[in-house]
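> Predicted coordinates and the sequence they were generated for:
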Amino acid sequence: MTYRVGVDIGGTFTDFCAFNDETNEIHTLKVLSAPEDPGSEVMRGIRELHSRYGINAADVVYFTHGTTVGVNTVIQRKGIRLCLFVTENFADVLEVARLKMPNPYDLLSTRPEPLVDRQRVLEIRERVRSDGRIELEPDENNIQRAVKKAKGMGAEGIVVALINAYRNPTNEHTVKRLIQTQEPDFPVFCSADVWPIIREYERTTTAVVHGYVQPRVSYYLSSLERALSEVGVSATPQVTKSNGGIMSAKSGREDCVQMLLSGTAAGVIGASYISSLSGFDNTMSLDIGGTSADVAFIRDASPQYGVGEVVGDFPIYVPSIAVTSIGSGGGSIAWVDDLGVIRVGPESAGSTPGPACYGRGGERPTTTDAFAILGYIGQFKIGYSAIDVDVEKSRSAMSPLAKRLKLSVEATAQAIIDIAVSGMYMEVSKLISRYAIDPREFVMQAFGGAGPMMGCFLAKELGLGKVIVPSTPGVLSALGGLIADIKNDFIATVYLELAESEISEIQRGFINLKERAIDWLRKEQGYKGEFRLIYAGDMRYRGQAFELETTLNWDDIHAGNLKDLAENFHVEHEKVYEHCDRNAPVQIVNLRLVIVGDSPKPVFTKQVPTPKPAQSRGMIDVFISGKLEKVPLFERESMSAGDTLTGPAVVAQSDCTTCVPPDIDGEVDGYGNLILTVNAA
Amino acid sequence: MTIDPVTLQILANHCAAATESMAHTLVRTAHSTFVKETEDFTTGLATVDGKTFASPFDLGATWFVGLDYEVAIKMIDTYEEGDLCLTNDPYSGFVCTHTPDIHLWQPIFHQGEVICFAVGHVHNTDVGGAVPASLSRANTEIFQEGIRIPPRKLYKRGVLDQELLDLMLTNVRVPEQNWGDLKAQIAAMRTGARKVGEMIDRFGLETFRSGMTELLDHAEKQARRLIDQIPDGDYFFADYMDEDSVDGHPCRLAVNMIVKGDEIEFDFSQSDPQVTASLNIPTGGNQRHVLLMIPLIYVLYTMDNNIFLNSGLIRSSRSIIPPGSIVNPLFPAAVGMRSLGVMRLMSCVFGAFAQALPDLIPCAPGDGGPLLNVRTTDISTGRKIMANLDPITGGAGGTAFRDGTDGSGASFGFLKNTPVEINEAEVPVKILKYGLERDSGGAGKWRGGNGTMLEFQTRNRDRSHFTPWGAKGGGCW
C-alpha cells in the first residue's frame, strides 16, 4: 500500500490529504496549526494519519507541502535584520517606492514602513548602464567599509540591489564576492539572482522580501526534512510554489520567494483540476477562510497569472497565480455604524478568538455566528470535532446589535449574511469587469472552511449558474499540491525591437533560458520524465508604458519569423484592449520561459451515477427568508454518485458545511463532487 | 418609500460595483496614457437631477466625487432612448473644468422613462488650441485652449452625429486618440446602463429609485454628523501661489470658514480677482462646485473612512464666490491649469480646518509637481524623443503624531513615478541621482515629508546626430 500525501499549513488549520494509490481513496485530516513551532503540526498530522487511517510513514512515497512560514514572517515582521546595498545616489528606492499612496482620499494615508530601515541602506560606488556596459566597477575598500558598517549595525544578512543589474548582474556578483571574502558565512542575496526584472523598486523589494524570510524558511524546511526522515517518510519532500507548481524542498531553501503564496496557488490548481474532471473548464474559484475570501478565475482550464501579488504590505514580482484576496471571511465582524447601518468587516475575529460560537473568547458577532443563528451550522459536529459550535454564544454576541437595530436576532443575522454577500459581490464584480469575464460562462468552485457555506448566496448575486463543492472542500490546497507539476519560470530582460537586426539576440536569449531551464529540471530537481517548454515575451508597441505577456511559438522564434511573432502580440492586444495596430513597431521587453515536468497525478475513480434522492439524516430548523422551516440535513460522507437534493437543504461534512438556499438543486457527480444548479427564475 | 438600512447598504455595494465596472471597461478599451497610467478620468451614476450618487473608489481621478451634472443635463431639452451627450466647455454647464476633459452623459431608460444618468469624463491628451496638449499657464483666454463643445448630443436615438464628431476631430492634434478614448467612454456608459438595468431587475424600480435619493441622504447625514464634531467658529486662512502669470505677482486664495452646527460656509470673498494666466478655477457660480468642496470631502473621509463618497456629502455646506474672482472667473478667462489653483485652494481650506481640528489635519503638503519633459534625439536610431521623466513632488505635511509622508502629498497622492531603469532604457539620459531631498520637508517635532529630487544628464540636441568629426580613424559617436 503506498500513499501520496499533500499538506497545507494555513493560519488556523493544517490540512492533510492522503491519497491511496491502489484504492484511489482520499483521506483527509485537519489539525490546528502551530505557528509558534512550525513543523510540529506536520508531525502530529503524520501520527494522526496512522492512528486514524492506518497510514504508515514508510508508505508515503510522495509528499508535497505548502506553508505560510514565509508570509507570516513578513506580516509579523519577524525576519532577519537586513542591510541593503544599493548604487550610490539611489538610496531611497524603498522609501519612495512608486510614490502613489495607498489611500489617496485620506490625508493621513502613508506608505508601509519598508522592511529595511533607511539607516541600513548603504550606498556602493559602482555603475552599470542600461545597455549592460559596466561604467564603474565596485571598489574593494568601499565594500569593506560598507560591510564593516553593516556588521556594526547588527546586520544578519545583506541584499545587493544595484541599478540596471537586470541587464548585467556582474557588479552585483562582484559585490557579493567581496562581502563574502570578508564574511564568508554572511547570507548575501543579489536582486538579479532573486528575480531579474527591470524596474528598480519592484526588483529590490522582491529581493528584500526574499532575503528577509530566507533564513527562517530555510531553517524551517531543513528541520521538516529531517523530521520527516526521522519518522520514516521515504519520499523526497516537495514544496508548492506561487506559480502553481512544485519544486524540491531543497530548492525551496534557496528560492523561498517562489513559495510565499503557495497555499492559495495550490488551492486554485486543485479547484481547476476538480472542475475539469467534472467537465467545466471555466471556473471561478472561491476559497473562503476566517479572514479573507480568495478569488481566482480559471479560463479554459488554466489559471491566470499575475505579478505584483501582495505579501503582507509588499508587492512581490515573481510569477504567481493571480488570486485576489477580499477582506471578508467567516470571521468578519459585524457592527453598526453611528447612523444605524450594519457593516461587516473589514475587522476579523481571525482564528483567535474566532467567531463567538467557537467558544474561544470571541465576543463580537461574525458572519459564521449569523449562519449559526439561522440554524445552518451548529446542529451537528464539524471540523473533526476540533471545534464545537455553541449557538447560544452567537445569540448573546448578536443581541446588542439586534437591539440597536430594533430587529430580531434572526433578522439581524440574515442582514449580516446579505451584507457580507453583497460586499463580496462588489469586489468580485470588479474582477469580472477587469478580466472581461461573462459570469454566465463560469461555474463557481466553493471551498475553504466557509466557501461552501456562502458560495450559493454569492453565485446567485453574480449570476453564476452552478456551484461545485468538491468532496474535500476543506483541504483543496493540500490536494492541489498532489496535482501540481514540477514547474519553474525563467526571465531575461532584453529591451529589443522586434526587428531583423535584433532577432539573433532574441534567439540567443531564449536558447540561454532553455539551457538553464533544462539544467534546473534535470540536475536540481532530478526529474527524468518528459517536459514541456512554454515560450513567451512581454511585448508592447513602442511608446507604450506597459507590456502584455504574449505566448510565442519556438518554431517562429527559431525561424526568425518576425511577422508571426508580432501577430501573436497584435492578437493578444486586441483580446485585452479591444484594439491593435498592425503597423506600429513592436518591442519585446522580457523573454520568458516556463518549464513543466508532469508530476504523476492521483487517479480519481469515476463512479457511474445512479440518480436517486439522497438519504436525509433528518430535518433541522433553519430560518429561510425570515421564517423557521424544516430543512433536510444530509451527511456528505454518506452521499454517493447520483444522489440528488433540492434546496433549501444543509449538507454537513467533517470539514465544512454546505448551505443550499431555495431554488437550487444538487446532484453528486461521478467524482463525488456536489454540483449545485441555480434554477432559472 | 423608505428603504431599510440593510437594503441600502447592499444597494450601495451594487452601485459602487456598477461604477467600478464602468471604470474597468474604460481602462481596458482606452488608448491614451492619460487613462492607462495617470488615471485622469471618472465614471459615475447621477440622479435625473444630475447629482452623482455612485463613483468608483479604486480607479480614476480623486477630485470629482459628487460632481454636479444638473445644469449641463438641463441644457438639453428632451432625452430619448439611445441619446448620448457631451461637452468640454468650461463655460457652459459647469461640469467640465478645463477643455481637455470631455464629459459624457447618457440617460438610462426603463419602460420609456429616464431613471438616472451614466456620467464621466476623460482627460484627452489634446483638444487643439495654442499649444500641444492644449494646456499652458501662459494662455490668457479660453479661446487659446482648444475647441469648445457646449452640451450637445453626440448620439441621437443611437445614431452618431458624424458632423459634430468631424468638427471636433478636425480641430485637434491627434484625432485618432480622441476618438479612441471617446469610444472607450461610450463603452463605459453602456456598461453603466446595463448595470443599472440589472439593479432594477434585482431590487425593483421603486427601491432603486428611492435608493438613489437615500444614498445621497445618507451621505448627507454622515457629513452632518462629522461636521457636528468640528468645533463651531470662524476659521480664516490665506495662502498664495507664487505668481499670477509668467513672472507675475503672488496670487492670493483666502477662505473664511464658518462652522455652525452641522453646516459649513466657505467664504472665498477675500481671494484675488481672476488672473490673466490659466490658473482660474471655473465654478460657474455653483456654491457647491466640487472643485471648491474637494478639500471638505478629503477632510470628512479622513475623519471617517466609512463614509459614502457621493454628492450628498457636500449638501450641508456652501461657499461664497464673488463673480470675477479666481474661484468664479468670468468668460473668457483661461482655466487650463486650474489644477494648480485647486491645489492651492486645497491647501488654503486645509489651513482653516487645521485650526478647527489641530490633532487631525496635517500641515500643508509640498504640492509642486513640475513634470519634467525631455526632448532629445536617440543617436542610435535617429528618432526624436519626447518623454516625461518624472513628476517632482513635495511631501505630505507633518501631522500631529508623525512625520509627513515623503514625496507624495494630499493633493496628488494618486500619482506614480517612473523607474530610473525605465527612463534610462527608453530615453537617452543618464540618471545621476533620484530620491528624496534630505531636510527639504520643513523642520519640527513632526517634520514635513521630503520632496523628491532628480539629477540627470542628456546630450545636447545639436551635434548628437551629426557628431563632431575626428581624424585618422578617430571620432565621436
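That came through fine.

> Please make it C-alpha for all contacts and neighbour counts, starting now.
OK.

> What score does residue 49 have for pLDDT?
Unless you meant another one, I'm taking chain A. On the pLDDT scale, A:Leu49 is placed at 93.

> look at chain B instead
pLDDT, read off for B:Asp49, is 95.

> excluding its backbone neighbours, what's nearest residue 123?
Answering for chain A, as no chain was given. Once flanking residues are discounted, A:Glu123 sits nearest to A:Glu88: 4.5 Å by Cα to Cα, 6 or more residues apart in numbering or on different chains.

> Let me rephrase: I mean chain B.
According to Cα to Cα, 6+ apart, the nearest residue to B:His123 is B:Asp101 (4.3 Å).

> on that earlier part again, which residues touch the residue nearest to A:Glu123?
By Cα atoms under 8 Å, 6 or more residues apart in numbering or on different chains, the residues touching A:Glu88 are A:123-126.

> Would you confirm that A:Arg617 contacts A:Leu633?
Yes: A:Arg617 is within contact range of A:Leu633, at 5.6 Å (criterion: Cα atoms under 8 Å).

> Who has more neighbours out of those two?
A:Leu633 (22 against 12; other Cα atoms under 10 Å in any protein chain shown).

> The more buried one contacts A:Ala614, correct?
No: counting by Cα under 8 Å, A:Leu633 sits too far from A:Ala614 to count as a contact (10.1 Å).

> So which residues on the stretch 351-500 of chain A come close to chain B?
Counting by Cα under 8 Å from any Cα of the partner chain, the stretch 351-500 of chain A comes close to chain B at A:415, A:418-419, A:422-423, A:425-427, A:429-430, A:433-434, A:495.

> what do you get if the cut-off is 6 Å, keeping everything else the same?
On the criterion Cα under 6 Å from any Cα of the partner chain, chain B has as its neighbours in the stretch 351-500 of chain A the residues A:419, A:422, A:426, A:430, A:433-434.

> shaky segments in chain B?
B:1, B:31-34, B:36-38, B:368-371, B:379-386, B:410, B:459-465, B:477 (pLDDT under 70).

> Tell me the residues on it that lie near chain A, please.
Counting by Cα under 6 Å from any Cα, chain B comes close to chain A at B:5, B:10, B:13, B:17, B:21, B:24, B:28-29, B:298, B:302, B:405, B:410, B:413-417, B:419, B:421, B:424-425, B:433-435.

> Does A:Asp621 fall in a helix, a strand, or a coil region?
strand (DSSP: H, G, I helix; E, B strand; the rest coil).

> before we move on, back to that, and the residue nearest to B:His123, backbone torsions?
phi -80, psi 110 (degrees, to the nearest 10).

> shouldn't it be in contact with B:Thr125?
No: look at B:Asp101 against B:Thr125 with Cα atoms under 6 Å: they stay out of range, at 9.2 Å.

> and the gap between the residue in the stretch 251-400 of chain A that chain B sits nearest to and A:Ile298?
Proximity of the stretch 251-400 of chain A to chain B (Cα to the nearest Cα) peaks at A:Val341, 5.4 Å away. Separation of A:Val341 from A:Ile298 (Cα to Cα, to the nearest Å): 36 Å.

> domain assignment for chain B?
By the assignment in automatic domain parsing, chain B contains the domains B:5-220, B:227-356, B:368-458.

> ugh, wrong one, chain A
A:1-66, A:77-216, A:486-597, A:612-678.

> and these, which one's lowest on average pLDDT?
Across the domains of chain A, the lowest-scoring stretch is domain A:1-66, with a mean of 88.

> returning to what we had before: which ones among the residues of chain B next to chain A lie within strands?
Counted as lying in strands by DSSP state E, out of these, are B:433-435.

> The residue nearest to B:His123 and chain A, how far apart?
Distance, B:Asp101 to chain A, using Cα to the nearest Cα, to the nearest Å: 21 Å.

> the more surrounded of A:Val341 and A:Ile298?
Using other Cα under 10 Å as the criterion, A:Val341 and A:Ile298 rank with A:Ile298 on top: 24 against 17.

> List the backbone torsions phi and psi for the more buried one.
When read as degrees, to the nearest 10, the backbone of A:Ile298 gives phi -120, psi 120.

> Repeat that for A:Ser638.
phi -100, psi 10.

> again with the one 5 residues further on
Summarising the backbone geometry of A:Asp643 under the convention degrees, to the nearest 10, its torsions are phi -60, psi 130.

> so the residue nearest in space to the middle of chain A is in which element?
The centroid of chain A falls nearest to A:Thr264 when counting by Cα atoms, centre = their mean (2.6 Å). Here A:Thr264, judged by DSSP states H and E, is contained in helix A:262-277.

> so for the next helix or strand along the chain from that helix, what's the average pLDDT?
Downstream of helix A:262-277, the first helix or strand assigned by DSSP H and E is strand A:283-288. Averaged across strand A:283-288, pLDDT comes to 94.

> And the residue most central in space within chain B, how close does it get to B:Pro132?
Centroid-nearest residue in chain B: B:Trp63, 4.4 Å away (criterion: Cα atoms, centre = their mean). According to Cα to Cα, B:Trp63 stands 24 Å off from B:Pro132.

> Can you name the residue of the stretch 201-350 of chain B nearest chain A?
Proximity of the stretch 201-350 of chain B to chain A (Cα to the nearest Cα) peaks at B:Thr302, 4.7 Å away.
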